[in-house]
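Colleague: generate a structure from the sequence data that follows.
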Amino acid sequence: MKIHFIAIGGSAMHNLAIALYKKGHQVTGSDDEIFDPAKSRLEKYGILPKNIGWDINNISEEIDAVILGMHAKNDNPELIKAEKLGIKIYSYPEFLYEMSKEKIRIVIGGSHGKTSITAMILHVLNKLNIDTDYMVGAQLEGFEVMVKLTDKAKYMVIEGDEYLTSPIDLRPKFHLYQPNIALISGIAWDHINVFPTFDIYVEQFRIFCQKIRENGSLIYCQEDSIVKDISEKSRQDIEKLPYGIIPHIIENGKTFVIWDKKEYPIEIFGKHNLMNLYGAMLVCERIGVSNEDFLREIGSFTGASKRLELVKKNDNVEIYKDFAHSPSKLKATITALKEQFPKRKLIAIMELHTFSSLNAEFLLQYKGSMDMADEAIVYFNPHTIAHKGLSEITIQQVFEAFGRDDIKVFTQSADVVVSIKNYKWENTNLLMMSSGNFDGIVFEELADELI
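Modeller: A predicted model of the protein is given here:
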């Protein structure tokens, strides 16, 4: 097939483009901005657009299908021409479903943990040489791309994002996949720009449960009361499997899972990850992987990119980066590090970067989310707020929202770096949390300077 991507530079979009190219399709694309790593990866495969911007000459009757990314607008000139020519237009969730409708689809949903759970499942299946197609929202160690599509794989594992599908299809992505096996990890209000109330947000997960195929399975975190209620009230023909925190012990900063009177060492830690692991194990069990095999292979899993990712350590300092940006994710990640290293001081720093986090109303949700840290810093860039078209927020608003008298708030990333360097780095851990990069802070270089 000849397939054209409108907004090829997106994280999922460029990975899907590469996956289809590797499968033998003729792939072209366009975008009004493309940054690394997408730029370098598209260039490597020879499918980086020659020019930046939209061009109606990219669209012709020779194209078999167009895949439309969320970054494009509904008045995109290439989209309009494709519609006039009657070319089949897919969102990438639609296309993934089309490519996997004859497979057993495993869809991992939830406000948090879905990337980690998807990554855990893929890690174990890869170790056990079980051929699997997939789509995951982060670069995984040992996997070249974030999307894999083949004709022969029996299973398709999909990270089920609840954000909107495309500019012309405003359904959440995970409503399109129709899973045979579904998992919900937790629900915490997010994406306030498209789900203006918590009730509207929760409703998307009820609909997700309704989309499970007949006689399918729903694996759900019973520690989350909202998830538990939704799951228990879902269709009666669905097999329902609850999970919680898997039995474990922590010894000298090392976590061991306890199962059938055996101890299994693991690299990851924190109650949220121990729940994620349990959910992933139940998924693998549904497709024939024994719990013993799962726990043996998960021991070498070090985590998905920027999910409590260790940047650098010495004997008494460890520096981590994490994708956490919502209140629930901040709290879970900070708690995990404090419980893993109870005798060490923890300095936690987060960047307000998402649409929701920079919204003055949603900002109030952050109260108490950083209380477990010994020292807390919040950073935001006023230019980011302006770029997103949001109303201004002040340092005082942020200070008051977190409800902590000693919290520091900065609007210059250089000030964050200075503050970090002023701490005494002995028996102390650093946690930096953002869906961005603190406007150019290179975590690895900073870690080298500190320890």
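
Colleague: give me the residue at the spatial middle of the chain.
Modeller: Centroid-nearest residue in the chain: residue 115, 4.5 Å away (criterion: C-alpha atoms, centre = their mean).

Colleague: wait, isn't that residue in contact with residue 135?
Modeller: No. Between residue 115 and residue 135 there is no contact, the gap being 10.9 Å when judged by C-beta atoms under 8 Å. For every residue, glycine as well, the C-beta is placed using N, CA and C.

Colleague: now the common contact residues for the two.
Modeller: By C-beta atoms under 8 Å, 6 or more residues apart in numbering, residue 115 and residue 135 have these common neighbours: residue 159.

Colleague: quick check: mean pLDDT of the longest strand seen in the chain?
Modeller: For the chain, the longest strand by residue count, based on DSSP state E, is strand 345-352. Averaged across strand 345-352, the pLDDT comes to 97.

Colleague: for it, packing partners?
Modeller: helix 327-340, strand 375-380, helix 413-422, strand 428-433 (3 or more C-beta pairs under 8 Å, 6 or more residues apart in numbering; DSSP states H and E).

Colleague: between that strand and helix 327-340, how big is the angle?
Modeller: 160 degrees (axes from the mean of the first three to the mean of the last three C-alpha atoms, to 10 degrees).

Colleague: circling back to that earlier point, pull the contacting residues for the residue nearest to the centre of the chain.
Modeller: Taking C-beta under 8 Å, 6+ apart, one finds 136, 137, 138, 159, 304, 307, 323 in contact with residue 115.

Colleague: before we move on, back to that, any chance of CSV for the helices and strands packed on strand 345-352, columns mean pLDDT, distance to residue 149 and mean neighbour count?
Modeller: Below are the helices and strands packed on strand 345-352 laid out as CSV (pLDDT from 0 to 100; distance: least, C-beta to C-beta, whole Å; neighbours: other C-beta atoms under 10 Å):
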stretch, mean pLDDT, distance to residue 149, mean neighbour count
helix 327-340, 91, 30, 22
strand 375-380, 98, 39, 22
helix 413-422, 95, 39, 14
strand 428-433, 96, 32, 24
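
Colleague: redo these as a markdown table? Include distance to residue 367.
Modeller: Formatted as a markdown table, those follow (distance: least, C-beta to C-beta, whole Å):
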| stretch | distance to residue 367 |
| --- | --- |
| helix 327-340 | 8 |
| strand 375-380 | 12 |
| helix 413-422 | 22 |
| strand 428-433 | 17 |
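
Colleague: to residue 441, which of the ones you listed lies closest?
Modeller: helix 413-422 (5.7 Å; C-beta to C-beta).

Colleague: please put the alpha-carbon coordinates of the closest one into CSV.
Modeller: Extracted C-alpha coordinates of helix 413-422, given in CSV (Å, rounded to 0.1, in the frame of the first residue of the first chain):
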residue,chain,number,x,y,z
SER,A,413,15.1,26.7,34.6
ALA,A,414,18.5,28.1,35.4
ASP,A,415,17.2,28.9,38.9
VAL,A,416,16.2,25.3,39.4
VAL,A,417,19.7,24.2,38.5
VAL,A,418,21.3,26.6,40.9
SER,A,419,19.0,25.5,43.7
ILE,A,420,19.8,21.8,43.0
LYS,A,421,23.5,22.5,43.1
ASN,A,422,23.2,24.3,46.4
